[in-house]
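> Below are the sequence and a predicted model for it; my questions follow.
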Amino acid sequence: MTASTGSVGGEDDLVRVLVDLAEAFDSVNAVLRPEAEVRARIEPLAPRPYAVLLALVRHPRSTVPDLASATRQTVAKVARALRTLEDGRLVERTRDGDEERWSATSAAWSVRDEARRRCAQVVRYALSGVPSDQVSRLRGAVDELAALGRSLGLPSEVPPAR
């Protein structure tokens, strides 16, 4: 980023705004996720275990190599993160033939659901400060925003709350 313009490599306004929006949501998540973890009475998660847990919420019954690919971490780092998550009773493993598969536990789903609930509150509050005609245009772009999310690796359907 350049200090004078805030641009990231000179891309167009759409890319700049989306990068800014991603940073804003990251900031919101950085506050809300630990809050949800405290409410669920679990130890706050470091970034790597959190990334693995989020991948498991999106893709249940994943193998370690699946998770390594989804989180762009090494197999060893994912295995370490899974041990941390298992110690915290946030994941469980099952055998599927010769494969070991991992899934999020109900405790992990509780944390995820609380964080999403709080994030929705923040987004609703933020939208209340946006002129109604602009909110209408945003609502009209929901399909396009969902397509962008899918191209970034989000599943077509967000797993429902449990």
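Arrived safely. Numbering: from 1, shown residues only.

> CA only for contacts and neighbour counts going forward, please
OK.

> ok, the residue most central in space within the chain to Leu67 distance?
When Cα atoms, centre = their mean is applied to the chain, the residue found nearest the centroid is Leu54 (5.6 Å). Distance of Leu54 to Leu67, given as Cα to Cα, to the nearest Å: 10 Å.

> Same check on Ser136?
From Ser136 to Leu67 the distance is 37 Å (Cα to Cα).

> State the pLDDT value of the residue nearest to the centre of the chain.
As predicted, Leu54 sits at a pLDDT of 90.

> Could you do Glu92 as well?
Reading off the model, Glu92 has pLDDT 97.

> Am I right that it sits in a strand?
Yes: per DSSP: H, G, I helix; E, B strand; the rest coil, Glu92 lies within a strand segment.

> neighbours of it, just the number please.
16 (other Cα atoms under 10 Å).

> returning to that earlier point: please say which of Ser136 and Leu67 ends up with more neighbours.
Legend: neighbour count by other Cα under 10 Å for Ser136 and Leu67, higher for Leu67 (25 against 11).

> what about Thr63, how many neighbours?
The burial count for Thr63: 19, using other Cα under 10 Å.

> Next up, the contacts around Ala68.
Residues near Ala68 by Cα atoms under 8 Å, 6 or more residues apart in numbering: 74-75, 78.

> ChimeraX command to pick out the buried ones of these?
This is the ChimeraX syntax for the buried subset of the contacts of Ala68, where burial follows 16 or more other Cα atoms under 10 Å:
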select :78
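
> As a check, name the ranges of all helices in the chain.
13-39, 47-58, 64-71, 75-87, 106-128, 132-140, 142-151 (DSSP state H).

> looking at those, which is buried most?
Greatest average neighbour count among the helices of the chain goes to helix 47-58 (a mean of 20), per mean count of other Cα atoms under 10 Å.

> how far off helix 75-87 does that one point, in degrees?
With axes from the mean of the first three to the mean of the last three Cα atoms, to 10 degrees defining the directions, helix 47-58 sits at 80 degrees from helix 75-87.

> who touches helix 47-58?
With Cα under 8 Å, 6+ apart as the test, helix 47-58 has contacts from 62, 67, 70-71, 77-78, 81-82, 84-85, 90-91, 102-104, 108-109, 154-155, 158-159.

> what do you get if the cut-off is 6 Å, keeping everything else the same?
Contact with helix 47-58 is made by 81, 103-104, as judged by Cα atoms under 6 Å, 6 or more residues apart in numbering.

> for stretch 21-29, same thing?
Residues contacting stretch 21-29 (Cα under 6 Å, 6+ apart): none.
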